[in-house]
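Asks: got a structure for you, letters missing:
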């Protein structure tokens with residue numbers, strides 16, 4: 001069995017310079033995250049607020065955590081002091097709460113809009129019309145403590161790579177439309193987070209700038225409710 005360092009080095013070797021590796025560390029113990037950090041991994045993806053809260057205080061302060069799971073508004077306050085990016089913004093309500101809690105902590109929090117791209121339609125996320133409504137709202141325009149840096153999507157859990165490619169093409173098209181309509185002069189809006197262990201190379205081909213890889217780094221998942 002390869003070490004975490006060996007797994008990371010193998011994956012890094014396959015990534016273009018503009019693509020960030022988000023090591024999906026949900027349900028993994030802090031010791032494994034520290035092993036990855038000491039090997040040189042910078043960005044970590046967490047799905048569960050409680051799990052993240054139990055690990056983060058004992059880890060190096062310069063580890064950058066991306067929240068990638070479904071985020072309830074009443075949990076935002078717990079991660080607002082330290083989270084680097086919230087990738088899973090799927091409503092104006094959540095974005096407003098992030099802005100509120102970021103302001104309380106005198107921070108600007110990077111956010112990404114999550115879109116529902118899976119053809120089986122079982123995932124959280126916006127559609128393009130909902131995103132336009134969010135971005136044109138007075139509430140969004142008034143926000144001073146969040147910075148929208150891109151889009152995120154979850155492909156279908158499927159061996160059908162043709163379907164996965166269609167889903168990733170869809171997210172890239174959404175990104176392009178939003179860039180043109182709302183962020184044309186905004187250099188910060190540049191990220192497309194899509195792709196995981198089984199298909200990240202395909203996602204990169206379709207325009208991904210962030211790949212979320214867990215199993216290929218840390219081994220099989222520990223499932224939790």
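Replies: Sure thing, it's come through. A quick note: this is a predicted structure, and the numbers were derived from the prediction, not measured. Residues are numbered from 1 along each chain as shown.

Asks: Going by neighbour count, list what's buried in whichever strand or helix holds residue 32.
Replies: Using DSSP states H and E, residue 32 maps to helix 30-39. Across helix 30-39, burial judged by 16 or more other C-beta atoms under 10 Å covers 32-37, 39. Any C-beta I mention is one placed from the backbone N, CA and C, and that applies to glycine too.

Asks: outside of the following helix or strand past that helix, which residues touch it?
Replies: Following helix 30-39 in sequence order, the next helix or strand is strand 43-46 (DSSP H and E). Here strand 43-46 makes contact (C-beta atoms under 8 Å, 6 or more residues apart in numbering) with 20-26, 33, 36-37, 52, 63-69, 84, 87, 210, 212, 214.

Asks: Apply 10 Å and report the result again.
Replies: Identification of contacts with strand 43-46 by C-beta atoms under 10 Å, 6 or more residues apart in numbering yields 20-28, 33, 36-37, 52-53, 55-56, 59, 63-69, 79, 83-85, 87, 193, 196, 210, 212-214.

Asks: Helix, strand or coil: sort out the closest residue to residue 199 other than its chain neighbours for me.
Replies: Nearest non-adjacent residue to residue 199, counting by C-beta to C-beta, 6 or more residues apart in numbering: residue 164, 5.3 Å away. Secondary structure assignment for residue 164 (DSSP: H, G, I helix; E, B strand; the rest coil): helix.

Asks: circling back to that earlier point, so which elements touch the helix holding residue 32?
Replies: Here helix 30-39 touches helix 4-12, strand 20-24, strand 43-46, helix 49-55, helix 215-218, going by 3 or more C-beta pairs under 10 Å, 6 or more residues apart in numbering; DSSP states H and E.

Asks: what about the third one, distance to the chain center?
Replies: Once both centres are worked out by C-alpha atoms, centre = their mean, to the nearest Å, strand 43-46 turns out to sit 8 Å from its chain's centre.

Asks: what lines up beside that strand in the sheet?
Replies: Counting by DSSP bridges, the strands paired with strand 43-46 are strand 20-24 (parallel), strand 64-67 (parallel).

Asks: JSON lines for these, including distance to residue 149?
Replies: Formatted as JSON lines, the strands paired with strand 43-46 follow (distance: least, C-beta to C-beta, whole Å):
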{"stretch": "strand 20-24", "distance to residue 149": "11"}
{"stretch": "strand 64-67", "distance to residue 149": "11"}
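
Asks: Reformat the ones you listed as JSON lines; add distance to residue 133, mean neighbour count and mean pLDDT.
Replies: Putting these into JSON lines (distance: least, C-beta to C-beta, whole Å; neighbours: other C-beta atoms under 10 Å; pLDDT from 0 to 100) gives the following:
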{"stretch": "strand 20-24", "distance to residue 133": "28", "mean neighbour count": "23", "mean pLDDT": "98"}
{"stretch": "strand 64-67", "distance to residue 133": "23", "mean neighbour count": "22", "mean pLDDT": "98"}
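
Asks: ok, the residue nearest to residue 199 to residue 51 distance?
Replies: Residue 164 sits 27 Å away from residue 51, going by C-beta to C-beta, to the nearest Å.

Asks: Quick check, residue 32 in contact with residue 26.
Replies: No - using C-beta atoms under 10 Å, residue 32 is not in contact with residue 26, being 11.2 Å away.

Asks: Which neighbours do these two have in common?
Replies: Common contacts of residue 32 and residue 26 (C-beta under 10 Å, 6+ apart): residue 218.
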